[in-house]
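Engineer: Could you look at this predicted model? Sequence included:
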Amino acid sequence: MSGPAAASAPITTESVGAKVYQRLRLDLMRSRFRPGEKLKLRDLAQELGVSSTPVRDALARLVSEGALEQFDHRSVRVPVLSDERFREIVELRAELEGKAAARAAERARPADADRLAEIHARMTAARLAGDGIPMLEENERFHMGICALSGMPVLTRIIEGLWLQCGPLHAGLRQVRFLHHPDAHPHHEIIRAMRERDGALARLAIQRDISVYAEVLLRRLPEINIGALTGRRRLMVDARE
């Protein structure tokens, strides 16, 4: 899936509001923001090189979608997910991304499998180099690339909504070692399924990919949430001073 420019590049083209919204969506999906992190309207507008109005509108839209929650009248924050909510998101992702992968495999051409292999190679290189942010970006590209191949835009939008909610938690994977040898990553099975146009294999492989890493995040969820809640208490103290 093609995305907007890097977060450091100011937005100067037309359709500013839509571009700001898409930028923030992608930032959430790629774990730029962490659970409990407070997002300030003024800071985001300055970073993106736009006025406060499109940022305010984009944040309001993301709040309405459940990707963010209102903190005060000038800022929002990334939600802190409970164990139960995260499990529900994972269950839905496995079901829906499994369906998207199966359909994608039925439609895939050799060039599509080649592109997924290139994305996975960049992801692996970033992981081996200890570059957590590029690794997460390439992982998001891989999964959204499969959704695009499915040719099911309604399903893709629903899956993106789930990524909006769980994406910030994926930052917890930056310090996690490979859970299997790089050559045995579930992505390889997904790519093979695309080459062989095997929908059943694609479904099972992507569900295994989701479940393995979800279990790691579930074990780390208390640690992640404690950090987020500690940060929130610190923000509340700062606001009172």
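Structural biologist: Structure's in. What do you need?

Engineer: Residue ranges of each domain in the chain, please.
Structural biologist: With domains defined by automatic domain parsing, the chain comprises 1-79, 83-223.

Engineer: and these, which one is worst for confidence?
Structural biologist: Ranked by mean pLDDT, these bottom out at domain 1-79, with a mean of 82.

Engineer: now that one: how far from the chain's centre is it?
Structural biologist: 14 Å (CA atoms, centre = their mean, to the nearest Å).

Engineer: go on, stretch 163-170?
Structural biologist: Offset of stretch 163-170 from its chain centre (CA atoms, centre = their mean): 5 Å.

Engineer: Which residues does it contact?
Structural biologist: Outside stretch 163-170, the residues within contact range by CB atoms under 8 Å, 6 or more residues apart in numbering are 25, 28-31, 33-35, 37, 62, 65-67, 78-79, 81, 85-86, 89-90, 93, 136, 139-140, 143-144, 217, 221, 224. Using the backbone N, CA and C atoms, a C-beta is placed for each residue, glycine as well.

Engineer: Helices - which of the residues you listed land there?
Structural biologist: Per DSSP state H, helices hold the following members of the contacts of stretch 163-170: 25, 28-29, 62, 85-86, 89-90, 93, 136, 139-140, 143-144, 217, 221, 224.

Engineer: What subset of those is buried?
Structural biologist: Neighbour-count burial (16 or more other CB atoms under 10 Å) applied to those gives 25, 28-29, 62, 86, 89-90, 93, 136, 139-140, 143-144, 217, 221, 224.

Engineer: Would you map the strands across the protein?
Structural biologist: Under the criterion DSSP state E, the chain carries strands at the ranges 38-40, 69-72, 75-77.

Engineer: K19 is nearest to which of those?
Structural biologist: strand 38-40 (17.0 Å; CB to CB).

Engineer: Can you give the strand pairings for that closest one, parallel or anti for each?
Structural biologist: Strand pairing for strand 38-40, using DSSP bridges, gives strand 75-77 (antiparallel).

Engineer: how close does P134 sit to E189?
Structural biologist: 23 Å (CB to CB, to the nearest Å).
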